[in-house]
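# missing the sequence, but the structure's below:
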């Protein structure tokens, strides 16, 4: 999960893993995360400001009314990233990203696999079910 330090609606810091604390050891009120956002518009604003702050693309995601947290901000995949395909505990390397459509809906890898983004979520699928995951991961579910 990513945390964003926001002062006067401007992102001035990004941190992963743990909510930052102030000098007294309490959670710092200037930091926000996906559990705080109530609308997709709010997540989009954070994503835009994070992109301006960090110089790399962040995107807002919406997992739908049944998802929690519904809204999130993630770093967008980029050309050159190594990716794998994962389903039911099995993962297979699928090369590097060679093309991303302007809409971020379609991602093509060096092995010819095409991943399609599911709605406005942060999930890209191949064949409608297997997820794209970062890195080259080769694992098989040992329970089979």
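Thanks, I have it. The structure presented is a predicted model; accordingly, all values stated were derived computationally and were not measured. Numbering: from 1, shown residues only.
# When you work out contacts or count neighbours from here on, use the C-alpha atoms and nothing else.
OK.
# How much space separates the closest residue in space to residue 49 that isn't next to it in sequence from residue 99?
Ranked by C-alpha to C-alpha, 6 or more residues apart in numbering and with sequence neighbours excluded, the top spatial neighbour of residue 49 is residue 11, at 5.4 Å. Counting by C-alpha to C-alpha, to the nearest Å, the gap from residue 11 to residue 99 is 29 Å.
# swap in residue 70?
28 Å.
# Residue 47 too?
22 Å.
# Looking at these two, which is more packed in?
residue 47 (23 against 16; other C-alpha atoms under 10 Å).
# Now do the contacts for the more buried one.
Listed by C-alpha atoms under 8 Å, 6 or more residues apart in numbering, the contact set of residue 47 reads 57, 58, 59, 60, 73, 74.
# hey, where'd the helices end up in this protein?
Remark: helices assigned in the chain by DSSP state H are 40-54.
# Geometrically speaking, which residue is the centre of it?
Relative to the mean C-alpha position of the chain, the nearest C-alpha, by C-alpha atoms, centre = their mean, is the one of residue 74, at 3.2 Å.
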